[in-house]
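Novice: Turn this into a structure:
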Amino acid sequence: VVDPTNLPGLVENNPSIAHELLPILIEQSSLTKQNDANSDEMIITMTTIRNYLAALVDMDTSLHSIEVVNKLSTQLLLPEEFTYRYITNCIRTCENIKDRYQQNRLVRLVCVFLTALICKEIIDIRKIFFEVQAFCIEFSQIRDASTLFRQLKQLETPPSPTSMNDSSLTSTTTTTNCCSTSTQSSSIIGDFQL
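Specialist: Modelled structure (predicted):
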């Protein structure tokens, strides 16, 4: 039986099973919410799923946890509040790692993850803009962080008056540039795909 306390171990040792299990738990809680008239059971079910998600987003950031959260976010199964909480946890973890090699590797993974979320419009970067910007500045010596910083600046910069007539072209170009850069980064990272 998987409970919130042993979910981090499952994510680290078998992320593919964790990724398959969590959507089932989320779906079951949604079905319970829709089908049950008993509000006490619904509250217990929602509390349980929130405990699983909290355990996932509060665990130590690693390649496997990023993969699971990325898949859940892409499938729009992870509530927005948990996605932002996980991003904040990723940033905090990167800041606290003492080993320079591990820190650089994790920063690169987090940058690729953030780029994917931004490109797929899964997150509204404005909600955590300053945190991500500070993260990029702190790790500006890492190429992926510098690239992410430039992308943030592109998103922050309003379109020029000449391009305002064709705003759809501008947003398409920004998204294309954002995603093409992240594809280059993902090939460097290895297994983590956007």
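Novice: Outline the domain layout of the chain.
Specialist: Taking automatic domain parsing as the criterion, the chain consists of the domains 1-59, 78-194.
Novice: What are the buried residues along the helix or strand containing residue 72?
Specialist: Applying DSSP states H and E as the criterion places residue 72 in helix 63-74. Neighbour-count burial for helix 63-74, counted by 16 or more other C-beta atoms under 10 Å, picks out 63-73. Every C-beta, even on glycine, is put in place using the N, C-alpha and C of the backbone.
Novice: and what of stretch 84-94?
Specialist: 84-87, 89-91, 93-94.
Novice: Tell me how many other residues crowd residue 19.
Specialist: 19 (other C-beta atoms under 10 Å).
Novice: again, but for residue 147
Specialist: By other C-beta under 10 Å, neighbour count at residue 147 equals 19.
Novice: what helix or strand does it sit in?
Specialist: According to DSSP H and E, residue 147 maps onto helix 143-156.
Novice: What separation do you get for residue 10 and residue 83?
Specialist: 20 Å (C-beta to C-beta, to the nearest Å).
Novice: so what's residue 7 up against?
Specialist: By C-beta atoms under 8 Å, 6 or more residues apart in numbering, residue 7 lies in contact with 18, 52, 55-56, 59.
Novice: if I look at it, how far off is residue 76?
Specialist: 20 Å.
Novice: If we go by neighbour counts, what in stretch 12-26 is buried?
Specialist: Buried-residue list, stretch 12-26, by 16+ other C-beta under 10 Å: 12, 15, 18-19, 21-22, 25-26.
Novice: thinking again about what came up before, the helix holding residue 147 - contacts with which helices or strands?
Specialist: helix 100-119, helix 129-138, helix 167-189 (3 or more C-beta pairs under 8 Å, 6 or more residues apart in numbering; DSSP states H and E).
Novice: who touches the second one?
Specialist: Spelled out, it's helix 129-138. 87-88, 91, 94-95, 110-111, 114, 125, 145-146, 148-149, 152, 156.
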